[in-house]
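> pasting the sequence and the predicted coordinates here, then a few questions.
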Amino acid sequence: MGVKAIFLDRDGVINDGTLYYTYRKEDFKFNRGIFTGLRMLRDAGFIFIVITNQAGVAKGIYTEKDVENLHAYMCDELKKRGIEIAAVYYCPHYPEISGPCECRKPGTKMIDDAVVQFNVDRSSSFLIGDGERDIEAARRAGITGVKIGKNESIVPYCRKIISQ
């Protein structure tokens, strides 16, 4: 049996997704309830894996280095609050520019790669996202999708996940 994982979309779930392209740490604002919710899930034995589409790279708005720097900042800030992110996967593609890919959600490559890397048990894992493509990716990957409103606190959803 594998580990239990929570896959997290980034923009609109972990951070305020109001700004369409977030790539600078000064624009990154943690959503209310994110620290409390993730600690609840951590204490219930879940690991955390972030999966995020970052089409701004393909569009030339920011670079992969910008994305990686922001993810390092995000992970450091979470770690200061007792929350360890096992991995961050991102898709830098945009189909109209870079052609089709398997990693852009609702594709499942980011999830599938994490399942192999961390020996994730799909049947006891969840993906928390604020978009239909997140939930579709979860469905296609054989894990349970949990749809929240953009920038909504995840705490009530974490309680439901833990009670299952």
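Yes, it's here. Residues are numbered from 1 along each chain as shown.
> checking A58 next. Helix, strand or coil?
What DSSP: H, G, I helix; E, B strand; the rest coil gives for A58 is coil.
> now the strands: where do they sit in the protein?
Taking DSSP state E to define them, one finds strands in the chain at 4-8, 46-53, 85-91, 126-129, 144-147.
> what sits up against the helix or strand of the chain with the lowest mean pLDDT?
None of the helices or strands of the chain scores lower by mean pLDDT, DSSP states H and E than helix 95-98, at a mean of 92. Contacts of helix 95-98 with the rest of the structure, by C-beta atoms under 8 Å, 6 or more residues apart in numbering, involve 58-59, 92, 101, 104. From N, CA and C alone the C-beta is placed, and that goes for glycine too.
> can you pull the contacts of the residue lying closest to G2 once chain neighbours are set aside?
If you skip the residues right next to it in sequence, G2 has D121 as its closest partner in space, 3.6 Å away by C-beta to C-beta, 6 or more residues apart in numbering. In this structure, D121 makes contact with 1-5, judged by C-beta under 8 Å, 6+ apart.
> I'd like the strands of the chain as JSON lines, with distance to L19 appended.
Converted to JSON lines, the strands of the chain look like this (distance: least, C-beta to C-beta, whole Å):
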{"stretch": "strand 4-8", "distance to L19": "18"}
{"stretch": "strand 46-53", "distance to L19": "14"}
{"stretch": "strand 85-91", "distance to L19": "17"}
{"stretch": "strand 126-129", "distance to L19": "18"}
{"stretch": "strand 144-147", "distance to L19": "21"}
